[in-house]
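Colleague: this is a predicted model, with the sequence first.
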Amino acid sequence: MDEAQPLRVDEAPGPDVLVEIRGLCFRRGERVIFEDLDLDIRRGMVTAVMGPSGTGKTTLLQLITGQLHPEAGTIRVAGEDVGRLGRDGLYRLRRRMGMLFQSGALLTDLSVFDNVAYPLREHTKLSDSLVRKLVLLKLEAVGLRGARDLMPNELSGGMARRVALARAIALDPMMVLYDEPFTGQDPISMGMLMALIRQLNDASGLTSILVSHDVRETARIADHLYLIFEGRVVAQGTPDALANDRSPWVRQFLDGLPDGPVRFHYPAPPLAEDLFGGRG
């Protein structure tokens, strides 16, 4: 099949760019995850990174937060080169980021209140009274102030994801990263999460990075979309622009076509050769 042509970001980033990625290369063993990837995340926007399963969307979040290190290229967050930061600098930068994990990752032995209070207690010296007020405000923002005394095993999947979101914004971060936030959610919970992501981004002046393969839901709340395949950006633009993009790469993914540039069959020898090749 024809190779996808990467989209380049030629212009120097302006002050509205919070995350600047240039020439990013990363491998897992012999498998290329990213190859010369360019990508910008602009301040105040909900930016979605989409692509088929296994294209490295979660890996990209781990690279941005410094959990993984690229083989080549640079990742700058708020002007800081993540790859050059020492341990203290990296931890300081991470405190300015909120993360909503795909599983929610609530601490099962702590109540809803204590889960949201955890980052405040770990990273600040605020009084108990002020921590209480901040936790209640964050829970109010996600509609769960009344659930503060519940334990994680008493929550529905949608409620657990919202508690995790309250925890992600507890330290008033400049940016929130969402790892497949809609996975496993029923339509009502999904609608609530979509509204919360958009409302929190706008009301709090956040920058949001959302990785997902849920096309319709993501397109409804994103300002800008990146479509990644085979380690490169193959399309980018507003949801309306990509909806009108006739590229076979874009159409197969957005329309859910079973075959196209992303082949249904994993590379293999001809079936007849596999079936009968060993016979005399």
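Modeller: Nice, thanks for sending it over. Numbers count the residues shown, from 1 in each chain.
Colleague: got the confidence number for residue 128?
Modeller: Reported pLDDT at residue 128 in the predicted model: 94.
Colleague: count of residues packed around it?
Modeller: Per other CB atoms under 10 Å, the neighbour tally for residue 128 reads 9. In this view, the C-beta of every residue, glycine as well, is placed from N, C-alpha and C.
Colleague: ok, now residue 88?
Modeller: 8.
Colleague: swap in residue 63?
Modeller: Applying other CB under 10 Å, we find 23 residues neighbouring residue 63.
Colleague: what's the answer for residue 133, then?
Modeller: When counting by other CB under 10 Å, one arrives at 12 neighbours for residue 133.
Colleague: list the buried ones in the helix or strand encompassing it?
Modeller: Assigned by DSSP states H and E, residue 133 falls within helix 128-141. For helix 128-141, burial by neighbour count (16 or more other CB atoms under 10 Å) applies to 131, 134, 135, 138, 139, 141.
Colleague: who are the contact partners of the first one?
Modeller: With contact set as CB atoms under 8 Å, 6 or more residues apart in numbering, residue 131 has these partners: 117, 120, 121, 124.
Colleague: weed out the non-buried ones from these.
Modeller: Using 16+ other CB under 10 Å, the buried members of the contacts of residue 131 are 117, 120.
Colleague: the contacts of residue 131 in helices, which ones?
Modeller: Cross-referencing those against helices under DSSP state H gives 117, 120, 121.
Colleague: which of the residues in stretch 187-196 are buried?
Modeller: Those would be 189, 190, 192, 193, 194, 196, for stretch 187-196 by 16+ other CB under 10 Å.
Colleague: circling back: can you put the ones in helices among the contacts of residue 131 in a markdown table and add pLDDT and distance to residue 59?
Modeller: Converted to a markdown table, these look like this (pLDDT from 0 to 100; distance: CB to CB, whole Å):
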| residue | pLDDT | distance to residue 59 |
| --- | --- | --- |
| 117 | 95 | 30 |
| 120 | 94 | 29 |
| 121 | 93 | 30 |
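Colleague: closest to residue 61 among the residues you listed?
Modeller: Of all the ones in helices among the contacts of residue 131, residue 61 sits closest to residue 120, with 22.8 Å by CB to CB.
Colleague: any idea how far the nearest residue to that closest one once chain neighbours are set aside is from residue 125?
Modeller: Ranked by CB to CB, 6 or more residues apart in numbering and with sequence neighbours excluded, the top spatial neighbour of residue 120 is residue 131, at 5.0 Å. For residue 131, the distance to residue 125 equals 10 Å [CB to CB, to the nearest Å].
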